[in-house]
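Quick one: sequence plus predicted model below, questions after.
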Amino acid sequence: MASLDPMEHAKGLIEKVMETATIRSILKFNVLQALPVNGTTSIQDLSKSTNVQASLLERLLRLAAGEGFLLQTNQNEFGHTAISKAYLTPIGDFFSMSYDESMSPMFKFPEYIDARSVREEPSSPTHNPYSWAWGQEGKTSFEVVAAQPERLQAFQRGLGALARGDPITGFYDFDKLDTPEDRAILIDVGGGHGQFIGSIVAAHTKLDPSKMILQDRPETIEIARKREFLPAQVKTVAHDFFTEQPVKAARAYCLRKVTHDWSDEDVVKILKNLAGAMAKDSKLLLVDVLVPTRVDTHEGRTAAWMDIALMPVGGKERTKEMFEDVLDKAGLQLDKIYPAPHSEQAIVEASLKGR
Ligand SMILES: C[S@@+](CC[C@H](N)C(=O)[O-])C[C@H]1O[C@@H](n2cnc3c(N)ncnc32)[C@H](O)[C@@H]1O
């Protein structure tokens with residue numbers, strides 16, 4: 001294969017950024033809702049229905065059509081493609097949430113390097129490229145989002161869309177957590193809206209959902225209680241995972257897509273709170289991306305960009321060795337890794353050290 005001309009490479013990067021920002025703007029203007037499900041419509045009609053200047057729309061839609069995101073039949077007529085229609089589903093929420101909460105602050109990272117004389121990876125949850133870019137230093141990304149109900153909804157919808165694409169069951173034997181004893185089977189710590197527990201309950205019918213608990217920040221628990229994903233019998237509790245875990249000796253504690261939001265130091269604090277509640281036979285399940293130590297053009301690139309996407313909030317995706325390190329510092333040991341099929345996700349199973 002002929003190697004890419006370096007100037008073409010640079011132009012290709014610029015093109016992707018322009019296309020990405022253009023699609024985000026098109027979504028912001030609700031253009032996709034204004035396009036007919038079938039057929040095309042004129043820029044003038046779109047301008048009326050979206051209340052956006054026709055010449056601005058024309059420039060945005062021209063690039064979007066040129067990149068294959070929209071259909072253009074003549075200079076003035078635009079319609080949907082299968083891809084743009086898919087952005088009317090939660091895939092669009094995922095893209096917009098990623099743009100606003102991750103791409104946008106990461107885009108400003110080079111500016112942040114100068115502004116804060118950065119020479120180390122961001123690790124503070126409150127003073128990082130995200131809080132700096134949004135003028136909210138001193139707050140975590142969760143606090144920033146929680147202060148704006150619409151943004152919180154969009155954030156959670158976006159995460160929900162991402163989570164739906166990830167395999168949850170079929171590669172870990174959750175049935176082995178069952179117990180006749182009077183103790184919880186599973187505590188989903190920082191469990192969001194409950195997609196994880198919802199999928200497990202649906203696939204593992206012998207597990208009693210009333211012995212499962214979803215914990216999260218109060219504003220997220222409020223949304224989870226609408227039970228879009230969470231089965232009726234599962235208990236919900238507002239709990240801060242930086243404080244003592246109130247449910248002792250559960251068969252398993254799970255952190256799904258949680259450790260990747262935090263620095264090693266904070267992850268160790270979260271894990272120590274769980275270790276303090278665990279019994280000898282309790283399992284800790286860390287469900288997250290597993291980064292390979294070497295990434296090439298075929299393998300591991302998704303894990304590598306997901307890791308960078310978390311840099312603005314001071315988080316990171318981890319390799320096996322990095323998981324072993326934080327577990328060890330919290331008095332835990334890595335027992336086994338269960339990689340999810342066709343995905344960069346894995347379940348890292350751990351237990352109390354020397355049990
Ligand atoms: C990336 S989301 C993952 C949600 C869910 N586990 C999933 O897999 O979809 C991280 C979750 O951590 C929660 N969270 C953040 N800080 C928390 C804290 N101090 N205590 C408890 N939950 C927290 C957020 O509200 C959010 O639901």
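Yep, it's here. Residues are numbered from 1 along each chain as shown.

and the host helix or strand of Arg157, what other elements does it pack with?
If you go by DSSP states H and E, Arg157 is part of helix 149-165. When contacts are defined as 3 or more C-beta pairs under 8 Å, 6 or more residues apart in numbering; DSSP states H and E, helix 149-165 sits against helix 90-98, helix 141-146, helix 195-203, helix 218-224. For the C-beta atoms, the positions are set from N, CA and C on the backbone; glycine is no exception.

Mean neighbour count added to the ones you listed, as a markdown table?
Converted to a markdown table, those look like this (neighbours: other C-beta atoms under 10 Å):
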| stretch | mean neighbour count |
| --- | --- |
| helix 90-98 | 20 |
| helix 141-146 | 19 |
| helix 195-203 | 21 |
| helix 218-224 | 18 |
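
Including mean pLDDT, could the ones you listed go into CSV?
Converted to CSV, those look like this (pLDDT from 0 to 100):
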stretch, mean pLDDT
helix 90-98, 92
helix 141-146, 91
helix 195-203, 94
helix 218-224, 92
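
would you list those in a markdown table and tack on distance to Ile270?
Shown next, in a markdown table, are those (distance: least, C-beta to C-beta, whole Å):
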| stretch | distance to Ile270 |
| --- | --- |
| helix 90-98 | 23 |
| helix 141-146 | 13 |
| helix 195-203 | 17 |
| helix 218-224 | 16 |
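
from the middle of its chain, how far away would stretch 312-327 be?
Distance of stretch 312-327 from its chain centroid, counting by C-alpha atoms, centre = their mean, to the nearest Å, is 15 Å.

residues of it that come out buried?
Across stretch 312-327, burial judged by 16 or more other C-beta atoms under 10 Å covers 312-319, 322-327.

To Ser263, which of the helices and strands packed on helix 149-165 lies closest?
Closest of those to Ser263 is helix 141-146, at 13.1 Å (criterion: C-beta to C-beta).

Spell out which parts of this structure neighbour the ligand.
Within the chain, the positions near the ligand by C-beta under 6 Å from any ligand atom are 142, 159, 163, 190-192, 195-196, 216-217, 220, 240-242, 256-258, 261.

which of those are buried?
142, 159, 163, 190-192, 195-196, 216-217, 220, 241, 256-258, 261.

if we take those residues, which one ends up nearest to Glu67?
Among those, and counting by C-beta to C-beta, the member closest to Glu67 is Leu159, at 26.1 Å.

helix/strand/coil for the residue nearest to Thr81 when sequence neighbours are not counted?
With sequence-adjacent residues excluded and distances taken as C-beta to C-beta, 6 or more residues apart in numbering, Thr81 is closest to Leu71, at 5.2 Å. With DSSP: H, G, I helix; E, B strand; the rest coil as the basis, Leu71 sits in strand.

Quick check: closest non-adjacent residue to the spatially most central residue of the chain.
Geometric centre of the chain, nearest residue: Leu159, 4.8 Å, by C-alpha atoms, centre = their mean. In this structure, Leu159 finds its nearest non-sequential neighbour in Gly192, 6.1 Å apart by C-beta to C-beta, 6+ apart.

wait, that neighbour sits on Gly160?
Yes. Using C-beta atoms under 8 Å, Gly192 makes contact with Gly160 at a distance of 7.5 Å.
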